[in-house]
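Enquirer: got a sequence here, can you model it:
(chains A, B, C and D)
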4 protein chains.
Amino acid sequence: MGLVDIQNSQDTRQVELEQVGVRDLSYPITVLDQHSGSQHTIGQLSLSVHLPEEFKGTHMSRFIEILHSNRGDFTMLTMPNILKELRERLSAKSARIDLRFPYFMERKAPASGQSALLDYQCAFIAQSDGTELDFTMQVTVPVTTLCPCSKAISDYGAHNQRGYLTIELQPSLDDSGKPHMIWIEELVEVAESSASAPVYPLLKRIDERHVTMQAYDNPVFVEDIVRNVAVKLRVDGRVKKFTVECVNHESIHNHSAYARTSWTRGGVPLLTEEKALVEA
Amino acid sequence: MGLVDIQNSQDTRQVELEQVGVRDLSYPITVLDQHSGSQHTIGQLSLSVHLPEEFKGTHMSRFIEILHSNRGDFTMLTMPNILKELRERLSAKSARIDLRFPYFMERKAPASGQSALLDYQCAFIAQSDGTELDFTMQVTVPVTTLCPCSKAISDYGAHNQRGYLTIELQPSLDDSGKPHMIWIEELVEVAESSASAPVYPLLKRIDERHVTMQAYDNPVFVEDIVRNVAVKLRVDGRVKKFTVECVNHESIHNHSAYARTSWTRGGVPLLTEEKALVEA
Amino acid sequence: MGLVDIQNSQDTRQVELEQVGVRDLSYPITVLDQHSGSQHTIGQLSLSVHLPEEFKGTHMSRFIEILHSNRGDFTMLTMPNILKELRERLSAKSARIDLRFPYFMERKAPASGQSALLDYQCAFIAQSDGTELDFTMQVTVPVTTLCPCSKAISDYGAHNQRGYLTIELQPSLDDSGKPHMIWIEELVEVAESSASAPVYPLLKRIDERHVTMQAYDNPVFVEDIVRNVAVKLRVDGRVKKFTVECVNHESIHNHSAYARTSWTRGGVPLLTEEKALVEA
Amino acid sequence: MGLVDIQNSQDTRQVELEQVGVRDLSYPITVLDQHSGSQHTIGQLSLSVHLPEEFKGTHMSRFIEILHSNRGDFTMLTMPNILKELRERLSAKSARIDLRFPYFMERKAPASGQSALLDYQCAFIAQSDGTELDFTMQVTVPVTTLCPCSKAISDYGAHNQRGYLTIELQPSLDDSGKPHMIWIEELVEVAESSASAPVYPLLKRIDERHVTMQAYDNPVFVEDIVRNVAVKLRVDGRVKKFTVECVNHESIHNHSAYARTSWTRGGVPLLTEEKALVEA
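Expert: Got it, this is the predicted structure:
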């Protein structure tokens, strides 16, 4: 093939690019599932590499080749290997993957025990320069929130609504230098136990009675939910740093109320890519 | 200008096109406001014409010329004139405008009387073939809905949430053959009085107490709201036909409940474009 | 359980509801795949039934029960059975399913032969009153479109862009009274052969040269693509009626150009639900 | 009114919240316009304050009161005053405003001189703790990009598409300690001159010929556009730091290509709120 490779030519503008790559890519992927081992879902992906100032362009088609050959597996365990492959195939000093996907869990109604699936929006974001590796996971959990002020000042009733609680965290390292495993299922449990009541896919009347009274018994402000989650994550040694945000779609307004907090554990070691790579 | 006009060339595939035009156009517009005369807002527009089977293409730039010269005014009164201009400039037998825009109304809190603005998503859709003219208006009103089942089966509390009620209607004609004027403000009032409580932009504590108890006192299913609206619109002689839909963002689920009904008044005369045109 | 069933109570407003149900439901589903038999994907679902004027409400939880028990299979073949189940469990005279999902196909680059997956947005909409059954399928295909006017009036080059072509159709019936099978793969082929060039997930330089020149050799207006598709669908006896729409994200504007045509074959028999049901 | 103020009660969880407030607020606003003085548009707003660990909640209604009373004016000049008002009314040590809005500019076609309006998505983000003030502005400019590789390896033609270039920057301070004024119009000019060709709202055939050939004469990779912008912003002393990102909606793929770079000027003084406040 004698086609000229313009991307490979010299650049003199002295502007290095932190990220060059592809985005808005929809792809079937497999992620780990605490109960059934693995789950088929569909990812929205961005893949990028660093581009030094002396090169005119990157080779975009290689991102798709690597994505296609690795689509069987996108997990905290395999992403370091994919990052390494991106860096090597694209001769880059660092690489980055941003993956968003819906994750489904079977949820049992609290009184009838009937079950169906509920969807949670998740993200894995991983970046590595060959030495240090950043891995961030994110889970958004729908919850019921009932307003403590509305309950306290009214003779009866209390406004409540769907809220979306997002936990974004980086795991800390275990004794072998690898990141602690934290399951999506665990973060869903932390989120739901911090709200007025969980949200369910399927509720019979006996369940609806249960969650109505559960929410009324557990009023929380958007500030409270975020703090409840923060308190639980701080005492979990597997968590290195986190941001927690909740957005309540207020039933009495046409806007949302929200709260946000961040936290970083003191004195934690960094993850090296060497430790994170999975042996072939 | 000697550039070839390919659009004007002959087509032999024998496929006429109902709509050819531009869409995803964002443009500042002015609409009628019942209280202040007119309101500046931003429209999302689609403009199209019919294309007969013998012509290869239409002239897309003319849509923008007509939009730009008319942007001062998009109302039930001026849209027939714009449709006529589209038909004439594009030599088409029919033309269509689809306009979506947010509309703002100042709303007073029920107890404190404090006011702020609330946004309502609206649409005007107009189509004319030079004889008959269809004009449809649509308003989406956020409301509070409190579940009658949850209230009845629980010892205390009741789940409630934000719902979005959409009224789409065609006005009937007055004695002079012109469509009756129906204000966005009137449809907002119909929608809010059919729900558990209105949604407000600004509520102080005394107001929050008011709407909390108002909603608890007026539980409605999504089915009820739609029926309440239908009953009110049927007795309004200015309404020729309507579709009413409500979508409740259930606070206990991660999905929505919805209901929809349609109705057409018997034996109503059609609107002719001749009657609808505004005299220069 | 002695909880009151408010939904079952009498309603006197004399407003029947065409659709009552659930929407904005995200669920893993399986659809037919021409090459591999079946494909896992994620559906966005609306499920509804008709509600007669004398009943106050429907039982929303039953929709989820039926969805959950049928999630293994959403196809032209199984949807009549799900509709029947909805009608029976909800004592309704008609039922409706609206399913939207991304569908993935492996596509080979035209010169290098390298392959990866491309996503197509699809929909199945089915409605039945127990006698007549409507089944509509919809596929949106991304394509490259190159402007014939730009090419003709310029000394070199021609503006081109991504367009989205949507085919919505109802299949006609075969001799046994069942709807003809039409594959998503077939509609993708019809769409791509009507545009300037297909869109690919993965192109090496030799492929990029190929599609660049292919598009330049095959300029089409948005009007042309729609007509090209219409001509092909009319001669396919398996098609009873269709709407074809194309939206071009113009590379020289910040808005889109679009065209739309509809067609219905004369004298075709209706699908009866009896014929469509799959034997247990 | 003796209603209990729960928000004011003590909190013992020891979790301070960086941001507590309202979001998803749609509001009519006025922004500065370089040519006509000011422009009416519609903002999407988030308003928040810091909440110390010892307070249970903030008073959400006050955000709306302040927004409503200030809606006449949201500019680089007035935002420090609104931040101060938020801090004072909500007894908070810091406040934050995130405002997104479409901005319209009249653009003349390059050959015919005909003009119409084009929309640019913009944002102003301002945060202050009473001493230091951060002000960030963001403009997204649609542009035409033509691929240098496609042009070089093909005998004729070249794929091109709409790209969206986003400039996010913080202005540096002038001699009086106030931030330099940078107009949206200036950033649009920087963006368009870095691409293959500008995007226009209205092009006659003579203009279409012009931009088709202009783009073919100026091929740029997504990497090039970002670098071209970076080079221009670095030499502009009014710019303290910036991030530039471009996303190309590739006409030959169903995904996007993107590039991103960031830069901070060395040794620049910080903006104090005292300097930024507008005298009454």
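
Enquirer: which stretches in the stretch 51-200 of chain A count as helices?
Expert: In the stretch 51-200 of chain A, the segments counted as helices under DSSP state H, counting those that start in this stretch are A:61-69, A:79-89, A:148-153, A:184-192.

Enquirer: tell me the average confidence for the first one?
Expert: On average, the pLDDT along helix A:61-69 is 95.

Enquirer: counting contacts, what elements does that helix pack onto?
Expert: Packed against helix A:61-69 by the contact rule (3 or more CB pairs under 8 Å, 6 or more residues apart in numbering or on different chains; DSSP states H and E) you find strand A:17-33, strand A:37-51, helix A:79-89, strand C:115-128. All C-beta spots, glycine's among them, are computed from the backbone N, C-alpha and C.

Enquirer: can you list the buried residues in it?
Expert: The neighbour-count check on helix A:61-69 (16 or more other CB atoms under 10 Å in any protein chain shown) flags A:61-68 as buried.

Enquirer: what comes into contact with that helix?
Expert: Contact partners of helix A:61-69, identified using CB atoms under 8 Å, 6 or more residues apart in numbering or on different chains, comprise A:21-22, A:25, A:27, A:45, A:47-48, A:82, A:85-86, A:89-90, C:114-117, C:201-204.

Enquirer: quick one: buried ones out of those residues?
Expert: The neighbour count (16+ other CB under 10 Å) marks A:21-22, A:25, A:27, A:45, A:47-48, A:82, A:85-86, A:90, C:114-117, C:201-204 as buried among the contacts of helix A:61-69.

Enquirer: cross-check those residues against chain D and keep the overlap.
Expert: The subset of these lying close to chain D, counting by CB under 8 Å from any CB of the partner chain, consists of A:21-22, A:25, A:48, C:201, C:203.

Enquirer: hmm, which two among these are most spread apart?
Expert: Using CB to CB, the two most remote members of these are A:Ser48 and C:Leu203, lying 18.6 Å apart.

Enquirer: show the pLDDT at A:Met1.
Expert: For A:Met1, the pLDDT comes out at 46.

Enquirer: returning to that earlier point: identify, from the ones next to chain D among the buried ones among the contacts of helix A:61-69, the entry nearest to A:Arg107.
Expert: Closest approach between those and A:Arg107, by CB to CB: A:Leu25, at 29.8 Å.

Enquirer: so that closest one bridges to which residues?
Expert: For A:Leu25, the beta-bridge partners are A:Leu45 (DSSP bridges).

Enquirer: and it, what does it touch?
Expert: Each residue near A:Leu25 by CB under 8 Å, 6+ apart is listed here: A:44-47, A:64, A:67, D:255.

Enquirer: now do 10 Å
Expert: Taking CB atoms under 10 Å, 6 or more residues apart in numbering or on different chains, we find A:Leu25 in contact with A:43-47, A:63-64, A:67, A:99, C:116-117, C:119, C:201, D:253-256.

Enquirer: and what of A:Thr212?
Expert: Applying CB under 10 Å, 6+ apart to A:Thr212 gives the contacts A:144, A:146, A:160, A:197, A:203, B:147, B:149-151, B:153-160, B:251-252.

Enquirer: which among these count as buried?
Expert: Buried members of the contacts of A:Thr212, counted by 16+ other CB under 10 Å: A:144, A:146, A:160, A:197, A:203, B:147, B:149-151, B:153-154, B:157-160, B:251-252.

Enquirer: sweet, I'm off.
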